[in-house]
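1. here's a sequence, model it:
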Amino acid sequence: MKDWIEFIKATIRPFIIVWGFSVYGVCIMSGLEAPTILVGLVSAVIVEYFGERAVKRFKEK
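-> Just a heads-up that it's a prediction; the model follows:
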């Protein structure tokens, strides 16, 4: 089960990050306000990613 979770995270997370930043960049460049749900989604994925990396790093020490 854990392997499936890691597989899903490994395939979905890069898509969300690239897509989210692309749409966010288009909104900023066109002068539109980015949707709140988009900002929340991208922020959550980034925080989750760096939080996971930090936990792995602390567990190694």
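2. give me the buried positions along stretch 16-27.
-> Using 16 or more other C-beta atoms under 10 Å as the test for burial, stretch 16-27 gives 20, 24. In this view, the C-beta of every residue, glycine as well, is placed from N, C-alpha and C.
3. sketch out the low-pLDDT regions of the protein for me.
-> Applying pLDDT under 70 to the chain picks out no residues at all.
4. can I assume residue 20 is in contact with residue 45?
-> Yes - Residue 20 is within contact range of residue 45, at 7.1 Å (criterion: C-beta atoms under 8 Å).
5. what's the closest non-adjacent residue to the residue most central in space within the chain?
-> What sits nearest the mean C-alpha location of the chain, by C-alpha atoms, centre = their mean, is residue 45, with 2.7 Å. The spatially closest residue to residue 45, leaving aside those adjacent along the chain, is residue 16, at 5.1 Å (C-beta to C-beta, 6 or more residues apart in numbering).
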